[in-house]
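Peer 1: only geometry, no sequence info:
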């Protein structure tokens, strides 16, 4: 896995007086690495490509991954993300409060991804005209900048919920072939729903991007959950919150649409750990039955 800027922290924003909410109930869900390590470290999450892992260390400890220090909050929680094609052999180092380092190795499972062939997409959305390239570059920079600030919000450690319930029509990691032309993999999970269906915040956070009409993603909203964890919501018909809005889990934030490069109405939910794109479906768990 390579992400040259994903751990760069050009800015760091404090959560101020918000404070770290109590997540002690999560402890019962953690999976210890071993009896020897149990007092030092525990991890929650799928150990596979495209996953997020939520960890807890003794307060005052440090965590280092790929030669970079990972932020650990006051409760000892941290998070690490692995990309779609991440190396299967991973390791990170936990440095105890007394300065003693301990290496932890992880073996990720390799995933198989679907190939989706989609016809009927307007050709200008498959191969954008030269006249749109300037706009596309500007919008890409806008999206990247919205995720350039690391905050110490605690909501990344909150159990997430689905922002919308419905039929899953597209999955993370699948490669799409538009009108016979292969494109880069899909990095979200698509939920089919009619235009106007309500989208809710899967966890607390602060809105860092709220755009009504981007070229590829149409109505687009991004929420910062803290520690480099962001949720993005694409193809919206209406964005109901503004940049800077603080949202709670379950708050209505947008409505499903069919804007941008789509063939029908749906929600495309994506998650990032800095610039590493991870699978929301692994993090949130099975889609609840209606």
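Peer 2: Arrived safely. Keep in mind that what you see is a predicted model, and the values were worked out from it rather than measured.

Peer 1: Nearest residue to residue 113 in space, please, no chain neighbours.
Peer 2: residue 173 (4.0 Å; Cβ to Cβ, 6 or more residues apart in numbering). Every C-beta, even on glycine, is put in place using the N, C-alpha and C of the backbone.

Peer 1: moving C-terminal of the host helix or strand of residue 69, what's the next helix or strand?
Peer 2: Per DSSP states H and E, residue 69 falls inside strand 68-70. Downstream of strand 68-70, the next assigned helix or strand under DSSP H and E is strand 77-81.

Peer 1: Would you pull up how far that following strand lies from the middle of the chain?
Peer 2: How far strand 77-81 lies from its chain's middle: 12 Å, per Cα atoms, centre = their mean, to the nearest Å.

Peer 1: Same question for stretch 224-241.
Peer 2: 9 Å.

Peer 1: How about it, which residues are buried there?
Peer 2: For stretch 224-241, a neighbour-count test (16 or more other Cβ atoms under 10 Å) marks 224-237, 239, 241 as buried.

Peer 1: so for that stretch, what's the average pLDDT?
Peer 2: In this model, stretch 224-241 carries a mean pLDDT of 98.

Peer 1: Report the distance from stretch 51-69 to the chain centre.
Peer 2: That offset, for stretch 51-69, works out to 17 Å (Cα atoms, centre = their mean).

Peer 1: Could you list the buried residues of that stretch?
Peer 2: Residues of stretch 51-69 classed as buried by neighbour count (16+ other Cβ under 10 Å): 51-57, 61-63, 65.

Peer 1: Reformat those as TSV; add pLDDT and secondary structure.
Peer 2: Output for the buried residues of stretch 51-69, formatted as TSV (pLDDT from 0 to 100; DSSP: H, G, I helix; E, B strand; the rest coil):
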residue	pLDDT	secondary structure
51	98	coil
52	97	strand
53	96	strand
54	96	strand
55	94	strand
56	94	strand
57	93	strand
61	92	coil
62	93	strand
63	95	strand
65	96	strand
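
Peer 1: Turn the residues you listed into CSV, including distance to residue 255.
Peer 2: Formatted as CSV, the buried residues of stretch 51-69 follow (distance: Cβ to Cβ, whole Å):
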residue, distance to residue 255
51, 29
52, 27
53, 32
54, 30
55, 35
56, 37
57, 40
61, 43
62, 43
63, 39
65, 38
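
Peer 1: lowest confidence element among the helices and strands of the chain?
Peer 2: strand 31-32 (a mean of 41; mean pLDDT, DSSP states H and E).

Peer 1: After it, which helix or strand is next?
Peer 2: The first helix or strand that comes after strand 31-32 along the chain, using DSSP H and E, is strand 41-44.

Peer 1: Packing partners of the biggest helix by length in the chain?
Peer 2: Longest helix in the chain, counting residues (DSSP state H): helix 133-146. Packing partners of helix 133-146 (3 or more Cβ pairs under 8 Å, 6 or more residues apart in numbering; DSSP states H and E): strand 205-214, strand 218-226.

Peer 1: Do me a favour and get the backbone dihedrals for residue 96.
Peer 2: Dihedral angles of residue 96 (phi, psi; degrees, to the nearest 10) stand at phi -70, psi 160.

Peer 1: and what of the one 10 residues further on?
Peer 2: Summarising the backbone geometry of residue 106 under the convention degrees, to the nearest 10, its torsions are phi -130, psi 140.

Peer 1: right, and residue 152 touches residue 71 too?
Peer 2: Yes - the pair residue 152 / residue 71 is scored as a contact, 6.9 Å apart, by Cβ atoms under 8 Å.

Peer 1: Skipping adjacent residues, who's closest to residue 260 in space?
Peer 2: In space, and not counting its chain neighbours, residue 260 is closest to residue 218: 3.0 Å by Cβ to Cβ, 6+ apart.

Peer 1: surely that neighbour meets residue 236?
Peer 2: Yes - with contact defined as Cβ under 8 Å, residue 218 counts as touching residue 236 (6.5 Å).

Peer 1: where along the stretch 101-250 of the chain do the helices fall?
Peer 2: In the stretch 101-250 of the chain, helices defined by DSSP state H, counting those that start in this stretch lie at 123-126, 133-146, listed in chain order.

Peer 1: So which of the ones you listed is nearest residue 278?
Peer 2: helix 133-146 (16.2 Å; Cβ to Cβ).

Peer 1: If I take the helix or strand where residue 253 lies and strand 205-214, what angle do their directions form?
Peer 2: Using DSSP H and E, residue 253 maps to strand 252-256. Interaxial angle, strand 252-256 versus strand 205-214 (axes from the mean of the first three to the mean of the last three Cα atoms, to 10 degrees): 20 degrees.
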